[in-house]
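In: fold the stuff below for me.
(chains A, B, C and D)
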There are 2 protein chains.
Amino acid sequence: MKISQRGLYALKALLHLAAAWGQGLVTTREIAEAERIPEKFLEAILAALKNARVVKSTRGRLGGYQLRRPPEEVVVADIIRLLDGPIAPFGDAAELVDRIRTEERHAGLFELFLEVRNAASAILDHTTLAALLDRDRRIYSKRALESGPSLQGRKLVTKRK
Amino acid sequence: MKISQRGLYALKALLHLAAAWGQGLVTTREIAEAERIPEKFLEAILAALKNARVVKSTRGRLGGYQLRRPPEEVVVADIIRLLDGPIAPFGDAAELVDRIRTEERHAGLFELFLEVRNAASAILDHTTLAALLDRDRRIYSKRALESGPSLQGRKLVTKRK
DNA sequence: GTATTTACCTATCGAGTCAGTAGGTTATTA
DNA sequence: TAATAACCTACTGACTCGATAGGTAAATAC
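Out: A predicted model of the protein is given here:
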């Protein structure tokens, strides 16, 4: 599986919406600027996400986008499959299973590919937007601590004493 | 990572050469026919494999190809990297490490990608042509046993009694 | 020494994908 | 009614993928 720029943008946009969960609507422009995504390109991506019922929209003034379900219920693997196709190094899971059965000379090759896809799937299938957002925040605050302890940084350090 | 038709052909051709290891040279035509690979296309693939010193060749009459090293020493991950680029869902390992450091908003995303690439790499890096060939043979004989026990099949069954 | 066989080299091609861009239409609200 | 924001359609240039065509160079058989 290869994650395209489009797929990456989609995940970033969804993380943005996940961060804004429960706080109303967010416009494409807002996301585009914050996440450094070409606005018109983002429009197309959000259209796809809307079509797949990941996201919902309201139009006109004060319009915008929001997640359809809470961040804990949006799984990363689904988004990747939607934008960039199957999570497998060759074909998809069903095709691999089939070729393990039918290929008379090198079935082992497809067995191997299936193992790889299962390993990748295992990770991506149990990672949600909420989990990813958590990660982002953890890294962010760890960084604030390391490079130039700010007010917030100091407090944490002090607490650890 | 996505394995192309080209990459698949390369692996099949190498498995063919691995099976012929120690038995002299094999021509492109022979490989092309046995493995159902367009001959001219296979030529280009073998050229790349030769360039990368995976395979060596002799030309003229009685010419052909052979592996440069024993099948136990040829690792599948290297072949895939050669033909289809890095084994990572996004960029390569070095780029991912870099973006985990530099991305200020969504470093967690790249951490996740790195985990996926490590999982895939772990499998493909410790699989050699010899191991794959073994797999192929195991599946093949298991199949002979299941569907219509031939002479060879019967022997095995009888032994098990 | 000539014909055959095989690897090797160069160039080209049609189809498809990727990452956008452009320009307008419809709905909602101040 | 004007402004705003989602929505829709079409197009583009660059690139990749999976080949095909046609010839050159080297090694061997006869």
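
In: C-alpha from now on. contacts and neighbour counts both.
Out: Will do.

In: residues from chain A in reach of DNA strand D?
Out: For chain A, the contact set with DNA strand D under CA under 7 Å from any atom of the strand comprises A:26-29, A:43, A:46-47, A:50, A:57-65.

In: select only the buried ones of the residues you listed in PyMOL?
Out: Provided next is the PyMOL selection string for whichever of the residues of chain A next to DNA strand D are buried by 16 or more other CA atoms under 10 Å in any protein chain shown:
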select buried, chain A and resi 26+27+28+29+43+46+50+57+64+65
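
In: could you pull up the residues touching residue A:12?
Out: Residues near residue A:12 by CA atoms under 8 Å, 6 or more residues apart in numbering or on different chains: A:35, B:106.

In: state the pLDDT value of it.
Out: With respect to pLDDT, residue A:12 scores 98.

In: which SSE is it in?
Out: Under the criterion DSSP states H and E, the helix or strand holding residue A:12 is helix A:5-19.

In: beyond that helix, next helix or strand please.
Out: That would be, after helix A:5-19 and using DSSP H and E, helix A:28-35.

In: with just CA atoms, put that following helix into PDB.
Out: Extracted in PDB, the C-alpha atoms of helix A:28-35 (Å, rounded to 0.1, in the frame of the first residue of the first chain):
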ATOM      1  CA  THR A  28     -12.200  24.400   4.200                       C
ATOM      2  CA  ARG A  29     -10.300  27.600   4.200                       C
ATOM      3  CA  GLU A  30      -9.500  27.200   7.900                       C
ATOM      4  CA  ILE A  31      -8.300  23.700   7.500                       C
ATOM      5  CA  ALA A  32      -6.400  24.500   4.300                       C
ATOM      6  CA  GLU A  33      -4.500  27.300   6.000                       C
ATOM      7  CA  ALA A  34      -3.700  25.500   9.300                       C
ATOM      8  CA  GLU A  35      -2.700  22.300   7.600                       C
END
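
In: mind giving me the packing neighbours of that helix?
Out: helix A:5-19, helix A:39-51 (3 or more CA pairs under 8 Å, 6 or more residues apart in numbering or on different chains; DSSP states H and E).

In: the first one vs DNA strand C: in contact?
Out: Same thing as helix A:5-19. Yes - using CA under 7 Å from any atom of the strand, helix A:5-19 reaches DNA strand C at A:5, A:6.

In: what residues sit buried inside that helix?
Out: Buried residues in helix A:5-19 (16+ other CA under 10 Å): A:6-18.

In: what angle do helix A:28-35 and that helix make with each other?
Out: Using axes from the mean of the first three to the mean of the last three CA atoms, to 10 degrees, the inter-axis angle of helix A:5-19 relative to helix A:28-35 is 100 degrees.

In: likewise for the last one?
Out: Our comparison of helix A:39-51 with helix A:28-35, counting by the same axes, to 10 degrees, yields an angle of 110 degrees.

In: in terms of secondary structure, what does helix A:39-51 contact?
Out: Secondary-structure packing of helix A:39-51 (3+ CA pairs under 8 Å, 6+ apart): helix A:5-19, helix A:28-35, strand A:55-58.

In: out of the ones you listed, the one nearest residue A:105 is which?
Out: Residue A:105 lies closest, by CA to CA, to one member of the helices and strands packed on helix A:39-51: helix A:5-19, at 35.6 Å.

In: so can I have a markdown table of the helices and strands packed on helix A:39-51 showing distance to residue B:105?
Out: Output for these, formatted as a markdown table (distance: least, CA to CA, whole Å):
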| stretch | distance to residue B:105 |
| --- | --- |
| helix A:5-19 | 9 |
| helix A:28-35 | 8 |
| strand A:55-58 | 21 |
